[in-house]
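Structure, please.
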Amino acid sequence: MGQTIFIPRELDANEPRVAASPDTVKRLAGLGFNVIVESGAGTASRIPDEEFGKAGAVVGEAADVAKADVVLKVRRPDEAELKAYRPGTAVIAIMDPYGNDAAVDALARAGATAFSMEFMPRITRAQSMDVLSSQANLAGYQAVIDAAAEYDRALPMMMTAAGTVPAAKAFIMGVGVAGLQAIATARRLGAVVTATDVRPAAKEQVASLGAKFLAVEDEEFKAAETAGGYAKEMSKEYQAKQAALTAEHIAKQDIVITTALIPGRPAPKLVSAAMVASMKPGSVIVDLAVERGGNVEGAVPGQVVTTASGVKIIGHLNVPGRVAASASLLYARNLFAFLETLVDKTTKTLAINRDDDLVKATMLTDGGQVVHPAFIGKPAVMIASAEPAKPAAGEKPAAPKKAATSRKLAAPRSLANKPKGIA
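Numbers count the residues shown, from 1 in each chain. This is a model prediction of the structure:
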């Protein structure tokens, strides 16, 4: 009898995604696993129980987690959930460990072998496992859709017998996965797009999508990218120069989308209240970093705020979850690609090689201990972000692909101090 994989229904009211799809259930069964999916787990992602059943899963209940050797989740299990887990259970999810030391300790106390998918190294071998890229790509797309829904005018230029409707001007702050997809989507909808980032490589990426690049291109700018392809945190002097440049530009924009996140720190403030006030009434700002403190002054998590000057600031939570059906399919494939590397194809059982680069980068707890070097003895901080692991020794970071509507892009990196994040 094979080992068991359990896919639970996510308990967070703001989490509609699920960690499996009918396709990945078939593949998991092909690896030799028995798959149990909790009833209702896929409902919010348009996957009824019957589809999982047809794919070979047993539709069960929450208590079935006690039978599991592996649990696949979207979000980290809480202490109440962990009480039902067997010691030694492998748990693979987006663990969001920064600033959540008590939750990480709870995973260790439960004896879980926990893997944090956000820590997947940026190497060629792991491209298909990169959950941040797959989810940020959809967040960038949805940000433009949300902005267009709140904007009370057409985005493309329209020339009619009654006159011409000018194209909307969109400014994307941060040219990472979400930023590049936002550029592509806004361009497809007919907007005139500009974008900014501190990484020199971003300039070519922006141009390849037909947008204009805006940045302070001094000597610090030329050295603003790490060997792993992430943006460095810029000096206060550079940030001031960049802010002055963008402040003048923002005043002329109809739509602004911000995507800046710093691993392990609050999101940097990029758009001040004065910048917001300088925009025309009816303009729209989308803050994709609102869950980490926000890039925009005045953004409120989970709300669309209209300022006194008539500018709308969108602060939707879990933006990838707003396109849950698509996000779940991609996330499930990410998890399967990683789990497949942990399976012995001969015995068809879980065989975790703790010397493997992917395992070392992502393993958070094991054998009742916190084992990730970033969290051993680390005091709690009020941050909840994902710090990427360094590329494996001897292996180059995965080269970013050319921008496209469905492309897999380089990880979220943007602006004066944004190495990586959901956006």
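
only C-alpha atoms for contact and neighbour calcs from this point on.
Noted.

Would you mark the buried spots in the helix ranked longest in the chain?
Longest helix in the chain, counting residues (DSSP state H): helix 131-150. By 16 or more other CA atoms under 10 Å, the buried positions in helix 131-150 come out as 131-148, 150.

same thing with stretch 364-376?
Leu364, Thr365, Asp366, Gly367, Gly368, Gln369, Val370, Val371, His372, Phe375.

Throw these into CSV and include distance to Phe33 and secondary structure, thanks.
Shown next, in CSV, are these (distance: CA to CA, whole Å; DSSP: H, G, I helix; E, B strand; the rest coil):
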residue, distance to Phe33, secondary structure
Leu364, 24, strand
Thr365, 23, strand
Asp366, 22, strand
Gly367, 23, coil
Gly368, 25, coil
Gln369, 27, strand
Val370, 27, strand
Val371, 27, coil
His372, 27, coil
Phe375, 32, coil
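
Could you point out the member of the residues you listed that lies closest to Lys269?
Taking CA to CA as the measure, Lys269 sits nearest to Phe375 out of the buried residues of stretch 364-376, at 26.3 Å.

what separates that closest one from Ala148, distance-wise?
41 Å (CA to CA, to the nearest Å).

Need the three-state assignment for Val256.
strand (DSSP: H, G, I helix; E, B strand; the rest coil).

Now render the buried residues of stretch 364-376 as JSON lines, adding distance to Pro281 and pLDDT.
Supplementary listing: those in JSON lines, determined by distance: CA to CA, whole Å; pLDDT from 0 to 100:
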{"residue": "Leu364", "distance to Pro281": "47", "pLDDT": "98"}
{"residue": "Thr365", "distance to Pro281": "50", "pLDDT": "97"}
{"residue": "Asp366", "distance to Pro281": "54", "pLDDT": "97"}
{"residue": "Gly367", "distance to Pro281": "57", "pLDDT": "95"}
{"residue": "Gly368", "distance to Pro281": "56", "pLDDT": "95"}
{"residue": "Gln369", "distance to Pro281": "54", "pLDDT": "96"}
{"residue": "Val370", "distance to Pro281": "51", "pLDDT": "96"}
{"residue": "Val371", "distance to Pro281": "51", "pLDDT": "96"}
{"residue": "His372", "distance to Pro281": "48", "pLDDT": "96"}
{"residue": "Phe375", "distance to Pro281": "46", "pLDDT": "92"}
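
residue contacts, the nearest residue to Val276 once chain neighbours are set aside?
Leaving out its chain neighbours, the residue that sits closest to Val276 by CA to CA, 6 or more residues apart in numbering is Val311, at 7.1 Å. Val311 makes contact with Val276, Ala277, Met279, Lys280, Pro281, Gly282, Ser283, Val284, Ile285 under the criterion CA atoms under 8 Å, 6 or more residues apart in numbering.

Mind checking which of those are in helices?
Per DSSP H, helices hold the following members of the contacts of Val311: Val276, Ala277.

For Ile183, state which of the contacts of Val311 is nearest.
Ile285 (14.4 Å).

Please list all residues in contact with the closest one.
Per CA under 8 Å, 6+ apart, neighbours of Ile285: Ala147, Ile255, Val256, Ile257, Thr258, Val311, Lys312, Ile313, Ile314.

farthest-separated two in the residues you listed?
Greatest spatial distance among the contacts of Ile285 (CA to CA): Thr258 and Val311, at 15.0 Å.

any idea how far Ser283 is from Val300?
For Val300, the distance to Ser283 - CA to CA - is 17 Å.

Apologies, that question was intended for Met158.
Taking CA to CA, one finds Met158 at 19 Å from Ser283.

These two: which has the busier surroundings?
It is Ser283, of Met158 and Ser283, that has more neighbours when counted by other CA atoms under 10 Å, with 27 against 13.

Ramachandran coordinates for the residue nearest to Val276?
Backbone dihedrals for Val311, given as degrees, to the nearest 10, come out at phi -90, psi 130.

Roughly how far does it sit from Met279?
7 Å.

In this structure Arg333 contacts Thr24, no?
Yes: counting by CA atoms under 8 Å, Arg333 does reach Thr24; the two are 6.5 Å apart.

just to revisit the earlier point, of the contacts of Ile285, select the buried ones using a ChimeraX command.
The ChimeraX selection below is limited to those of those classed as buried (16+ other CA under 10 Å):
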select :147,255,256,257,258,311,312,313,314
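
Lowest mean pLDDT among the helices and strands, pick that one out for this structure.
One helix or strand of the chain scores below all others by mean pLDDT, DSSP states H and E: helix 219-222, with a mean of 68.

Show me which positions of stretch 271-285 end up buried.
Buried, per 16+ other CA under 10 Å, within stretch 271-285: Val271, Met275, Val276, Ser278, Met279, Lys280, Pro281, Gly282, Ser283, Val284, Ile285.

now swap in stretch 25-38 and tell me
The neighbour-count check on stretch 25-38 (16+ other CA under 10 Å) flags 25-29, 31-38 as buried.

what's the span of it, first residue to last?
Terminal-residue distance, stretch 25-38 (CA to CA): 13 Å.

Work out for me the element Lys241 sits within.
helix 236-250 (DSSP states H and E).
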